[in-house]
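K.L.:
Show me how the following folds:
(one chain, ligands or ions: 2)
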Amino acid sequence: MEKILITGGAGFIGSHVVRLFVKKYPNKKIFNLDALTYAGNLENIEDIETEDNYEFIKGDITNEQFIDELFAKHQFDGVIHLAAESHVDRSIKDPMAFLKANIFGTVNLLNASKKHWASIENKRFYHISTDEVYGSLGETGFFYEDTSYDPKSPYSASKASSDHFVRAYKNTYGLPIVISNCSNNYGPFQFPEKLLPLCINNIKNNKPLPIYGKGENIRDWLFVEDHASAIDLIYNEGKNGETYNIGGHNEWTNMDLVKLLCKVMDKKLSRKAGHSGKLITYVTDRAGHDLRYAIDASKIEKELGWKPSLQFEEGLTKTVDWYLENENWLNNVTSGGYLDYYKEHYKNDCY
Ligand code: NAD
Ligand code: TYD
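P.N.:
Ligands and ions are numbered 1, 2, ... in the order given. The predicted structure is shown next:
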């Protein structure tokens, strides 16, 4: 039985990838390795926890002895690596945590793969990365696979570094690797520190919606299940050593995005049109805030036949429905230390 190690599978994107692989490949054994940090949550994958081809392992990718013993024990055929510290604002407060998890953790997994893969035949180390490694665009242009790296936040610097290590292990040791760089994801199970779930939760609770700066920064948004389907395709059909950009061709300024969300939620909550828009509040801008990200995803479309499946309003409505129907999930993740962290660091009344 083929054994695939997925790291970070209790997080937002990882939980969708684990679910897809467990359901689609009953003859492959899926191991989900996650440290269950503040962002990891077993509730994200409780629907598959009793499946025969699934096993959860709690553990830290930065622990060298643990990772070495894990690889020795299971002899994985492939690794799909998503575990990471993922929030730009947190990286500004604590860059070292990002260096440890994202760079050291990735190199630790690369070392274990190198050591335990006696033959590289039918092996694959797949690193899931971000378009933020390419830096920030002006009003025009796109990120291509050969765009020079120019990371600007501690988060993107840590992801860029880990991408470089992954490529270096192919060049130096012949490790079979593949990398993808994706734009901003949205959808169910996203921790409500990121823009969309934070605003969904605040609209629901009639709390202010924090817009950094003037709200003119632009992001390209992709529904998380479309990212998971691209990851499946790249893992199974991507070419060894290649990089694939993944994006939604779906650019929004933060302000237009939040206004659209307010409109969708006013309807869903049977509130008067314009009600939630009044919650929009300008707050201090993020330090070094990247202006615009935009992905050219034509390589994965041409070579592997991948395209996003959902129109944005459809995906956004699905997402809002999910958060409104899963009140317990939202209450659980927003209880405890969640509010304290944000109150301490952001010092405004949006949290
Ligand atoms: P997330 O923060 O929701 O989940 C990260 C998961 O990794 C959590 O379950 C956490 O417990 C786990 N983790 C963190 N440190 C760990 C460690 N040391 N050992 C083991 N597990 C650890 O993140 P996400 O948004 O799902 O992102 C997943 C991956 O996709 C990341 O590598 C991120 O850089 C990349 N990515 C994210 C986006 C996005 O829009 N969210 C876009 C492109 C790429
Ligand atoms: P975020 O969801 O944190 O993703 P990323 O920083 O990886 O793109 O932020 C998306 C955009 O929304 C980004 O331009 C920052 C902005 N933003 C706000 O204006 N207010 C907020 O409260 C948050 C979390 C983000």
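K.L.:
which residues of the stretch 251-351 of the chain fall in helices?
P.N.:
Taking DSSP state H, counting those that start in this stretch to define them, one finds helices in the stretch 251-351 of the chain at 254-268, 298-304, 312-325, 327-333, 337-346.
K.L.:
To residue 192, which of these lies closest?
P.N.:
Smallest distance to residue 192 across the helices of the stretch 251-351 of the chain (C-beta to C-beta): 6.6 Å, for helix 327-333. All C-beta atoms are positioned from the backbone trio N, CA, C, and that covers glycine.
K.L.:
Any residue of that closest one touching ligand 1?
P.N.:
No - applying C-beta under 6 Å from any ligand atom, one finds helix 327-333 out of contact with ligand 1, separated by at least 10.6 Å.
K.L.:
With mean neighbour count added, can I get the helices of the stretch 251-351 of the chain in TSV?
P.N.:
Conversion of the helices of the stretch 251-351 of the chain to TSV gives the following (neighbours: other C-beta atoms under 10 Å):
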stretch	mean neighbour count
helix 254-268	18
helix 298-304	16
helix 312-325	17
helix 327-333	14
helix 337-346	13
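K.L.:
so which of the ones you listed gets nearest ligand 2?
P.N.:
helix 254-268 (4.5 Å; C-beta to the nearest ligand atom).
K.L.:
Does ligand 1 have contacts with that closest one?
P.N.:
No - using C-beta under 6 Å from any ligand atom, helix 254-268 stays clear of ligand 1, with a minimum separation of 13.5 Å.
K.L.:
what's the longest helix in this protein?
P.N.:
Ranked by number of residues, the top helix in the chain under DSSP state H is helix 154-173.
K.L.:
So which of the helices of the stretch 251-351 of the chain is nearest residue 165?
P.N.:
Residue 165 lies closest to helix 298-304 among the helices of the stretch 251-351 of the chain, at 22.3 Å (C-beta to C-beta).
K.L.:
which other residues reach that closest one?
P.N.:
Outside of helix 298-304, the residues within contact range by C-beta atoms under 8 Å, 6 or more residues apart in numbering are 144-145, 180, 230, 233-234, 237-239, 244-246, 306-307.
K.L.:
Spatially, which two of those are the most separated?
P.N.:
The most widely separated members of the contacts of helix 298-304, counting by C-beta to C-beta, are 144 and 237 (20.4 Å).
K.L.:
picking that back up, would you mind listing which of the contacts of helix 298-304 are buried?
P.N.:
Of all the contacts of helix 298-304 considered here, the ones buried according to neighbour count by 16 or more other C-beta atoms under 10 Å are 145, 180, 230, 233, 234, 238, 244, 245, 246, 306.
K.L.:
Now flag whichever of those is closest to residue 119.
P.N.:
Residue 119 lies nearest to residue 238 out of the buried ones among the contacts of helix 298-304, by C-beta to C-beta, at 19.9 Å.
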